Structure formats: structure tokens, C-alpha cells
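A.B. asks: What follows is a predicted structure for the sequence shown.
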Amino acid sequence: MTYFAVTPIEIHNKNLKIAIVFLHEKNIFELWLCASNRKIQVEYIELFKKLKVPYKISRVEPGVDSIIEKTIFQSLDFDNSKEIIREIETQLMDFCREIESFLS
């Protein structure tokens, strides 16, 4: 797994961050909402279960860092890297807006 975090201020103020994750074994990109610690992770997992968000909600287990996950690509064509970057950017911005709306 390779990832980097993006932290819009509205999300950061709630001790959350968004990670763009590349899962090498599955060859897919995902967006994860993550918390700054396990206590906050548990609180938000329970909140998102109640809100019935349209994403995969994580379980609280050792080694699980996400609260919710969204797959960006099921398969990748690395010969078209500009399209991959464009799609990641578009989906990231949409994901951030959706998360912010769930939290408001």
C-alpha cells in the first residue's frame, strides 16, 4: 500500500483526513476517510453507520485505518497516467465535498 493524505480545513478541524491510497496487490486506487486516532475512528464509524453513507464503512480492527472507503478505479491503464490523475482529482474533490456535507 502507498498513500498520501489530503486534509481540507473543514475535515482537519474534526481530526480527520482523507488518504489517496494505492493498493498494490489489488492494483486499485481508493479514497479513505481516516481519523487522527482510534477513539475518533470509532466515533465516526458509528456516525456513518447511522447516516447510511453510500460507501464501504470499515470495522474497528487492528490494522484498519480507514473509517470509510471509496474505490476510484477497478482497473488501471498506466499508459494513460494523465487520465488517472484527472480522475483521482475529480473523485477526490467530490469525496471531500460529500464528506463535508455529511459532517455539517
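C.D. replies: Good, I have the coordinates.

A.B. asks: Let's verify the residue sitting furthest away from the middle of the chain: helix, strand, or coil?
C.D. replies: Distance from the C-alpha centroid of the chain peaks at residue 79, with 24.8 Å (Cα atoms, centre = their mean). Recorded secondary structure, residue 79: coil (DSSP: H, G, I helix; E, B strand; the rest coil).

A.B. asks: Now do it against residue 20, distance only.
C.D. replies: Remark: distance between residue 79 and residue 20 (Cβ to Cβ, to the nearest Å) = 20 Å. To be clear about C-beta, it is placed using only N, CA and C from the backbone, and glycine gets the same treatment.

A.B. asks: correct me, but residue 30 touches residue 71?
C.D. replies: Yes: taking contacts as Cβ atoms under 8 Å, residue 30 lies within contact range of residue 71: 5.2 Å.

A.B. asks: residues near residue 58, how many?
C.D. replies: For residue 58, the neighbour count with other Cβ atoms under 10 Å is 19.

A.B. asks: which ones are touching it?
C.D. replies: Taking Cβ atoms under 8 Å, 6 or more residues apart in numbering, we find residue 58 in contact with 41, 45, 64, 66-69.

A.B. asks: ok, it to residue 67 distance?
C.D. replies: For residue 58, the distance to residue 67 - Cβ to Cβ - is 6 Å.

A.B. asks: what's the most distant pair in the contacts of residue 58?
C.D. replies: 41 and 69 (12.7 Å; Cβ to Cβ).

A.B. asks: So these two - more neighbours on which side?
C.D. replies: Remark: of residue 41 and residue 69, residue 41 carries more neighbours, 21 against 17, as counted by other Cβ under 10 Å.

A.B. asks: in what helix or strand does the more buried one lie?
C.D. replies: helix 38-51 (DSSP states H and E).
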